[in-house]
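>>> Quick check, what structure comes out for this input:
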Amino acid sequence: MGQRRRATSADVAREAGVSRATVSYVLNDTPGQKIPDQTREKVLDAARRLAYSPSPAARALRRGGSDVVLGVMGMTPIGTVLGYLLNSLTGKLSAEGLTFVLHLHGPGDQHLSEVRQALSPAGVVVIGELPEADVDDLERSATTGVVHLTATAAGASVPAPPGTLPVRAVLDFAGRRAAQLQAEHLVHAGHSVLAFAGYDDPAVQMATLGRLREQGVRDVCARHGLPEPLGGVVGTDLEGSTAVVRGWADAGVTGVCAYNDETALAVVSAAEDAGLKVPGDLAVIGMDDIPSARSARPPLTTVGFDTDALAVHVRALVRAGLGQGPVPDPADQPFARVKVRGST
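Okay, the predicted model is just below:
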């Protein structure tokens, strides 16, 4: 049996009893064209019946370029939140007729300008930390905006070389705001001496995120006139973690904001080892809302990220890089919220 022929816009036009121009206006949602609702529904129904989808070549020709959005990421472990974000971003871009392609870039790989030249992407999203030389190489070859989904040391705006977007780093805002939510939750529950449990990770990106999150907790303490939060690394080993947590308790700490849920669970274990009850003696709040947070004992209070909202924001940044809209303000999106459970 021969392969079924792919439906074309001409087939949709015949099925709907309209012109090909009308089909094009409806399926591309062309601005300035007043198509009656009844006609629009006829075209959409015909396209569904015929399983019509526009050809990638036609989309590229219409756009004047590729429909690929290139994601470039260093060899960093893909955790739960990042995995959900990449899945959601793929779907959001697909709804715009764009194909998201992720390139994992490691030391000694081909130059990013060569990767970009091979794919001729409509836009580029840099995810996480890359060596400065690689970023420079990528930006020198830029013909459209480069979106930086990364964390910066200053927690401020990403520089905007020619061809790139002058955007505030998305992870700066989302991560710092999530940490502020952690601290606000504990302060509103009556805790006045807080600690921040850091995570010992050699990755530059993780260390940068850790500093941003700790600063978010510091911001809240300063806003409420509370002492600066105590710091410490938890999770490397139980004995060391127990010593850190016992030291916090001796200093009057009653609430702990953790870098992420894994760190928070390590704090809970260390507290038990130190003879402290959670949440009776020590309230603990994590970040990321990983699946094991819900089944922990006690169930872990945490801050969960809305990865769909983050993906919508990144999609808007990509559109801005393509000249199809303004650069969005991250402050307009609630990227995170507290999930209250038994540990606070």
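>>> helices and strands around the helix or strand where L212 lies, which ones?
For L212, the host element (DSSP states H and E) is helix 204-223. Judged by 3 or more CB pairs under 8 Å, 6 or more residues apart in numbering; DSSP states H and E, helix 204-223 is in contact with helix 170-188, strand 194-198. Where C-beta positions appear, they are placed from N, C-alpha and C, glycine not excepted.
>>> Among the ones you listed, show the one with the smallest mean pLDDT.
Lowest mean pLDDT within the helices and strands packed on helix 204-223: helix 170-188, a mean of 88.
>>> For that helix, output the C-alpha coordinates as CSV.
Output in CSV follows, covering the C-alpha atoms of helix 170-188 (Å, rounded to 0.1, in the frame of the first residue of the first chain):
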residue,chain,number,x,y,z
VAL,A,170,14.9,35.1,34.1
LEU,A,171,16.4,32.8,36.7
ASP,A,172,17.7,35.7,38.7
PHE,A,173,14.2,37.1,39.3
ALA,A,174,12.4,33.7,39.7
GLY,A,175,15.0,32.2,42.1
ARG,A,176,15.4,35.3,44.3
ARG,A,177,11.6,35.8,44.4
ALA,A,178,11.1,32.2,45.4
ALA,A,179,13.6,32.5,48.3
GLN,A,180,11.8,35.6,49.4
LEU,A,181,8.5,33.6,49.5
GLN,A,182,10.3,31.0,51.7
ALA,A,183,11.4,33.6,54.2
GLU,A,184,8.1,35.5,54.2
HIS,A,185,6.3,32.2,55.0
LEU,A,186,8.5,31.5,58.0
VAL,A,187,8.4,35.1,59.3
HIS,A,188,4.6,35.2,59.0
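>>> helices or strands next to it in the packing?
strand 146-149, strand 194-198, helix 204-223, strand 255-258, strand 283-287, strand 301-305, helix 307-321, strand 336-339.
>>> Going along the chain, name the helices of the protein.
9-16, 20-27, 37-49, 56-63, 80-95, 112-119, 132-140, 170-188, 204-223, 238-250, 261-273, 291-295, 307-321 (DSSP state H).
>>> Report the angle between the fifth one and helix 307-321.
Computed by axes from the mean of the first three to the mean of the last three CA atoms, to 10 degrees, the angle separating helix 80-95 from helix 307-321 equals 50 degrees.
>>> Buried ones in stretch 99-117, by neighbour count?
T99, F100, H103, H105, L112, S113, V115, R116 (16 or more other CB atoms under 10 Å).
>>> Mind putting those into JSON lines with distance to T30 and pLDDT?
Shown next, in JSON lines, are these (distance: CB to CB, whole Å; pLDDT from 0 to 100):
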{"residue": "T99", "distance to T30": "22", "pLDDT": "88"}
{"residue": "F100", "distance to T30": "25", "pLDDT": "91"}
{"residue": "H103", "distance to T30": "33", "pLDDT": "88"}
{"residue": "H105", "distance to T30": "38", "pLDDT": "83"}
{"residue": "L112", "distance to T30": "35", "pLDDT": "80"}
{"residue": "S113", "distance to T30": "35", "pLDDT": "79"}
{"residue": "V115", "distance to T30": "33", "pLDDT": "81"}
{"residue": "R116", "distance to T30": "30", "pLDDT": "80"}
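>>> quick check, nearest of the residues you listed to R223?
F100 (38.4 Å; CB to CB).
>>> The closest one is in contact with G71, isn't it?
Yes. Taking CB atoms under 8 Å as the definition, F100 is a contact partner of G71 at 6.1 Å.
>>> Please identify every residue contacting each of those two.
L86, L89 (CB atoms under 8 Å, 6 or more residues apart in numbering).
>>> Residues in contact with stretch 87-101: which ones?
Counting by CB under 8 Å, 6+ apart, 54, 56, 59, 67-71, 86, 119, 121-123, 125, 307-308, 310-312, 314-315, 318-319 sit against stretch 87-101.
>>> how far is it from where the chain is centred?
Stretch 87-101 sits 14 Å away from the centroid of its parent chain (CA atoms, centre = their mean, to the nearest Å).
>>> ditto for stretch 287-296
18 Å.
>>> List the contacts of it.
79-81, 178-179, 182, 213, 258-262, 264-265, 268, 286, 299-300, 302-305, 339, 341, 343.
>>> What's the ChimeraX syntax to select whichever of the contacts of stretch 87-101 are buried?
Those of the contacts of stretch 87-101 that count as buried under 16+ other CB under 10 Å are selected in ChimeraX with:
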select :54,59,67,68,69,70,71,86,119,121,122,123,125,307,308,310,311,312,314,315,318,319
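>>> Ranking the helices and strands packed on helix 170-188 by mean neighbour count, which comes first?
Mean neighbours per residue, mean count of other CB atoms under 10 Å, is largest over these for strand 255-258, with a mean of 31.
>>> elements contacting that strand?
helix 170-188, strand 194-198, helix 261-273, strand 283-287.
>>> how big is the angle separating the longest one from helix 80-95?
Spelled out, it's helix 170-188. Using the same axes, to 10 degrees: helix 170-188 against helix 80-95 is 130 degrees.
>>> In helix 170-188, which residues are buried?
Neighbour count says helix 170-188 has 170-187 buried, by 16+ other CB under 10 Å.
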